[in-house]
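Peer 1: task: produce atomic coordinates for the following.
(one chain, ligands or ions: 1)
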Amino acid sequence: MADTRRHRPTTVTITGAGGQIGYALMFRIASGGMLGPDRPVRLRLLEIPQGVAGAEGAALELQDCAFPLLTGVDVSTDPAEGFDGCNIALLVGARPRGPGMERADLLAANAGIFGPQGAAINAAAADDVRVVVVGNPANTNALITAASAPDVPADRFTALTRLDHNRALGQLSAALDTPVGEIRDVTIWGNHSASQFPDVTHATVAGRPVHEALAERLGGEAAATAWLDETFIPRVAKRGAEIIQVRGSSSVASAANAAIEHMHDWVLGTADGWTSAAVVSRGEYGVPEGLVSSFPVTAQDGAYRIVEGLSLDPRARARLDASVAELDEERAAVRALGLL
Ligand code: NDP
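Peer 2: As a prediction, the model looks like this:
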């Protein structure tokens, strides 16, 4: 049996905890699905007043699960309480785009959520705090959160592109009729939006270049390139809309699963190859410093590190540049509003 006494409880804060993704996250976290079977967790569920009943109801259900790893659950509407002693923050609650809402309105509404949360993290979180933003526009929300927490190192702030990464793996697995576990080194570059660039240039399947395997299966190089450009990239980038169309509501379990995998790997390390995460750029691959952009990353010793030195052909470079330009515009819009 796992010895849970070796570790002090990890305090995990979930914002928007009364919502759907929050509900899909907390039971897996409390049962050890994020940090492993030997790490006790304490959950802090943060909500706005309208969402608090959902979080309180979920807290009752958590109690009824009697998870041995769960040492406590607090529900709060106060960020100072919600982030008190926080080791891991999953920032899920965000303002969705309403009818007729312009991008500047959306960015401003979310800055009003993520700015104060960053300040509360700065004041109250534990020294080793790690933050992943799920609520959209996730990259720019992460940028605002980091900017509002000047005493916390920038590399503790990330945004979720692991769902896009997993979606890319799923599409390749189906197209190549190969288990996901055989596919390595796919990359999501840029923004978690339709402009993202899912890249298989360096990806392999059972040790072979993915492009070569696709060419064999689809009848040549040109067919493989066409499939990547016309089917794979748009399908991964627009998968959220496809789920809404088929399911009648947005993706929830897969988003929660990706957030759990993102944190699991950050804390416990990546295994073979790399994964994708949006992290604060220090200028890697020409991405302007300070933008929160998705990169190929590995995790060791509790830190994500960008995989450097990968070649990008002109077409890949153009796709990455287009997505980064969108991130730059979002940052400029937030600055123009005086929020950064
Ligand atoms: P969900 O739990 O379904 O989604 C929450 C956020 O995750 C949304 O902003 C959504 O952005 C984003 N998201 C990111 N990736 C995905 C994905 N792949 N699929 C779906 N969503 C994704 O929303 P609910 O409305 O059920 O719950 C949100 C909760 O947050 C509410 O209970 C609300 O009260 C709360 N809230 C809390 C705040 C706080 O704590 N300060 C602030 C604002 C809200 P998008 O919709 O753009 O896809």
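
Peer 1: pick out the residue of this protein closest to the ligand.
Peer 2: Residue nearest to the ligand within the chain: G19 (1.8 Å; CB to the nearest ligand atom). Placement of C-beta: from N, CA and C, glycine included.

Peer 1: roughly how far does that residue sit from H262?
Peer 2: According to CB to CB, to the nearest Å, G19 and H262 sit 18 Å apart.

Peer 1: and the longest strand seen in the chain, does that touch the ligand?
Peer 2: Counting residues, the longest strand in the chain under DSSP state E turns out to be strand 292-300. No - using CB under 6 Å from any ligand atom, strand 292-300 stays clear of the ligand, coming no nearer than 13.1 Å.

Peer 1: ok, G19 and H262, which is more surrounded?
Peer 2: Per other CB atoms under 10 Å, whichever of G19 and H262 has more neighbours is H262, with 29 against 21.

Peer 1: what angle sits between the host helix or strand of the more buried one and strand 292-300?
Peer 2: Using DSSP states H and E, the element containing H262 is helix 253-268. Between helix 253-268 and strand 292-300, the angle comes out at 50 degrees (axes from the mean of the first three to the mean of the last three CA atoms, to 10 degrees).

Peer 1: where does D74 land in three-state SS?
Peer 2: strand (DSSP: H, G, I helix; E, B strand; the rest coil).

Peer 1: how about it, what does it touch?
Peer 2: Shown in contact with D74 (CB atoms under 8 Å, 6 or more residues apart in numbering): R42, L43, R44, L45, E81, G82.

Peer 1: among those residues, which are located in helices?
Peer 2: E81, G82 (DSSP state H).

Peer 1: so who does the residue nearest to T140 when sequence neighbours are not counted touch?
Peer 2: Excluding its sequence neighbours, the residue lying closest to T140 (CB to CB, 6 or more residues apart in numbering) is E330, at 4.3 Å. If a contact means CB under 8 Å, 6+ apart, then E330 has R103, L107, P137, N139, T140, L143, N191 as its contacts.

Peer 1: just the pLDDT for the fifth one.
Peer 2: Spelled out, that is T140. Looking at T140, its pLDDT reads 97.

Peer 1: what distance do you get for it to A120?
Peer 2: Distance from T140 to A120, by CB to CB: 19 Å.

Peer 1: which of those two has more residues huddled nearby?
Peer 2: Neighbour count, other CB under 10 Å: between T140 and A120, T140 has more, with 30 against 24.

Peer 1: the helix or strand hosting that one vs strand 292-300, what angle?
Peer 2: Assigned by DSSP H and E, T140 falls within helix 138-147. Orientation check (the same axes, to 10 degrees): helix 138-147 against strand 292-300 gives 80 degrees.

Peer 1: what packs against helix 138-147?
Peer 2: In this structure, helix 138-147 makes packing contacts with strand 88-91, helix 103-124, strand 130-133, strand 157-159, strand 275-280, strand 292-300, helix 314-336, judged by 3 or more CB pairs under 8 Å, 6 or more residues apart in numbering; DSSP states H and E.

Peer 1: the longest one close to the ligand?
Peer 2: So that's helix 314-336. No - applying CB under 6 Å from any ligand atom, one finds helix 314-336 separated from the ligand by no less than 13.6 Å.

Peer 1: for that helix, which positions count as buried?
Peer 2: Buried residues in helix 314-336, counted by 16 or more other CB atoms under 10 Å: 316, 319-321, 323-324, 326-328, 330-331, 333-334.

Peer 1: so where's the chain uncertain?
Peer 2: 1-6 (pLDDT under 70).

Peer 1: got a list of what the most centrally placed residue in it touches?
Peer 2: Centroid check for the chain by CA atoms, centre = their mean gives L160 as the closest residue, at 1.2 Å. When contacts are counted by CB under 8 Å, 6+ apart, L160 touches V132, V133, V134, A138, H192, A255, A258, A259, H262, A277, A278.

Peer 1: run a quick neighbour tally on the fifth one.
Peer 2: Using other CB under 10 Å as the criterion, H192 is surrounded by 30 other residues.

Peer 1: enumerate the residues of the stretch 201-340 of the chain near the ligand.
Peer 2: Selection of the stretch 201-340 of the chain residues close to the ligand by CB under 6 Å from any ligand atom yields G240, S250, S251, V252, A255.

Peer 1: find the nearest non-adjacent residue to A104, please.
Peer 2: Among residues not flanking A104 along the chain, A333 sits closest, at 5.5 Å (CB to CB, 6+ apart).

Peer 1: I figured that neighbour hits L106, correct?
Peer 2: No - A333 is beyond contact range of L106, at 9.6 Å (criterion: CB atoms under 8 Å).

Peer 1: ok, back up a step: how far away is the residue nearest to the centre of the chain from G85?
Peer 2: Distance of L160 to G85, computed by CB to CB: 23 Å.
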